[in-house]
Every structure is written in C-alpha cells, then in structure tokens.
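Whatever this is, show me its structure:
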Amino acid sequence: MSHIAASVQSFYEHIYQPVFIYDENKMVIYANSSMLQLLNTSSVEIKKKSLSDLIGTYPNMQQEVEKKVMLTKADGSKTMATMNEVPLDTESKQVAVLLNPMEVGNSNNAEEKIRLLLKTIHKDIAIREEELEKVSNELDARTKILNATAIVSETDKYGTITFVNETFCRVAKYTPEELLGKPHNIVRHPDMPKEAFKQMWETIQSGGIFRGIVKNRAKDGSPYWVIATIAPVLGTDGKPYKYIGVRIDITELVKRGAKIDVE
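Numbers count the residues shown, from 1 in each chain. Sure thing, here's the model as predicted:
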C-alpha cells in the first residue's frame, strides 16, 4: 500500500473541502473526513475503490476548462462536483483531488451535515470493529493450536516465569502455581552444560532467536528432552523486556535413539 506523508495527510484532514488522494495505479489511498461525509462511506471502504469506481466524467461538460465530474456515493446515488487535481510529488506519483460539490441533496443545512458525518464515523467504527474481531478470532485459533501441540512459557527479562500453558505443566509435572514467579531454571537438568545456557542468554539478550535441544527435569526427577525455540520481545528502546519460549517434546524420540537435527 502506498504511503502518504504524515504532513500531507494532516493538512488535508483539517480542511473542510472534500479531498481524496490516488496513487500511480489509480487506486484511492486516502480521503479526508469531508470526502467520507460527502459520499456517506468509510475510510476502509473508499480505499477499496479505484479512480474509475469513484468518478465518472459528466458527459455534457467535458469541453469546459474546469473538470466537472459525477461522484458515486456508497448507496449508488450520484452527486456533481468540480474537480482540481494537484500532483503531490514526482517520486510517489500521488495525486490529490480537491472537490467542490455542486449539489449535495438534502445536506445543505448544518444539522444534516453533522448527521451524515456521524453516520459515516459510526459506519467506519463498525467496519473496524468487525475487522478487529476477525483478527482476534484468528489469533485465538492459532493460540489454541499452539497450546495443544507445544510447551509454551514466557519469562520477564530476568528469566522469571510469568506464563506457562497446560502442556508445559503436564510435561514438567508442576502446577501453574508452582511455576509462576519462579526462575525458569526450575526445570533445568544438571546434565545440561552451563555453556549451553550461556550461549542461549547471549543470543536472546542481543535480540536473536535461540534454537537447540535441551534436556530438562520434571518435578519427579524424570528427564525429558525438547527442541526449544526462545525469542525476545523487544521494547521501544530495542531491548528485550520479556522472552517467549516454544518447545516440542522429543523425549520418546531420544529414548529410541533417533537422530535429531534442529538446523
């Protein structure tokens, strides 16, 4: 999607005249509040339209110097306006279209304009809420699949456990209460060399992702092996403020003597 300079968007957002911007592919990439009000549409819907979807040249006035166009509203009705095009810059090839509506139906009084603007805002909010709900549902489904198939934990930047999933508790044989607030090395097996964890911390503290085979110890002392992937979550300062670990239980494969490669 084409990027619009923040200063340009801010300028057009604060003028009453309806304005929209299209890119080199003739696709609408921005419309100010007055434009959305004029067409009774939302910012989400208008960005799905091309220039030809939005504007049809008014046939009887093509010979006039000032362009007169017919705009198509969200409900399919038409409204006439004069149009001026302003190229923003040669690099982006974006063009701003400034409109001067010639007829706006029943929107001539201030009360009606406010009503239409509120209707546009509510429609925009409803569409955005629907999109957010869809994203939330997809994220929830992915989380459920991950929790059902992998050992998942989170720690703060010091390695203190802040979250464990059910699979972690089942494999490690601890309750969540026994793990939360404890250092993650509560499941460290003494057979694991200290150098391996030194390498892990150096990797994730520098912003990298660690991946390797780790031997852990359950609460009852029994060993279990996992392929561990640990990644940092970075703050606005670029430094990790917590870590997320996803592990796959490979204990049965190790016991059978299978050769396992994590590369």
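
for the record, mean pLDDT for stretch 247-259?
Throughout stretch 247-259, pLDDT has a mean value of 90.

correction: stretch 96-114
65.

next one: stretch 154-164
95.

Next: stretch 31-38.
88.

ditto for stretch 130-147
85.

Please export the C-alpha coordinates of that stretch as PDB.
The C-alpha atoms that make up stretch 130-147 are tabulated as PDB, following Å, rounded to 0.1, in the frame of the first residue of the first chain:
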ATOM      1  CA  GLU A 130     -15.600  -6.300  12.600                       C
ATOM      2  CA  GLU A 131     -12.000  -6.400  11.300                       C
ATOM      3  CA  LEU A 132     -10.600  -6.400  14.800                       C
ATOM      4  CA  GLU A 133     -12.900  -9.200  15.800                       C
ATOM      5  CA  LYS A 134     -11.800 -11.300  12.800                       C
ATOM      6  CA  VAL A 135      -8.100 -10.700  13.700                       C
ATOM      7  CA  SER A 136      -8.900 -11.600  17.300                       C
ATOM      8  CA  ASN A 137     -10.600 -14.800  16.300                       C
ATOM      9  CA  GLU A 138      -7.700 -15.900  14.100                       C
ATOM     10  CA  LEU A 139      -5.200 -15.100  16.900                       C
ATOM     11  CA  ASP A 140      -7.300 -17.100  19.300                       C
ATOM     12  CA  ALA A 141      -7.400 -20.100  16.900                       C
ATOM     13  CA  ARG A 142      -3.600 -20.000  16.400                       C
ATOM     14  CA  THR A 143      -3.100 -19.800  20.200                       C
ATOM     15  CA  LYS A 144      -5.300 -22.800  20.800                       C
ATOM     16  CA  ILE A 145      -3.400 -24.900  18.200                       C
ATOM     17  CA  LEU A 146      -0.100 -23.800  19.700                       C
ATOM     18  CA  ASN A 147      -1.100 -24.600  23.200                       C
END
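
need the longest strand for this structure.
strand 223-234 (DSSP state E).

so residue 248 makes contact with residue 225?
No. Here residue 248 does not reach residue 225: they are 9.6 Å apart, not a contact under C-beta atoms under 8 Å. To be clear about C-beta, it is placed using only N, CA and C from the backbone, and glycine gets the same treatment.

Show me which of these two is the more surrounded one.
residue 225 (20 against 15; other C-beta atoms under 10 Å).

Now the more buried one: closest residue in space, sequence neighbours ignored.
Closest residue to residue 225 apart from its sequence neighbours, by C-beta to C-beta, 6 or more residues apart in numbering: residue 254 at 4.4 Å.
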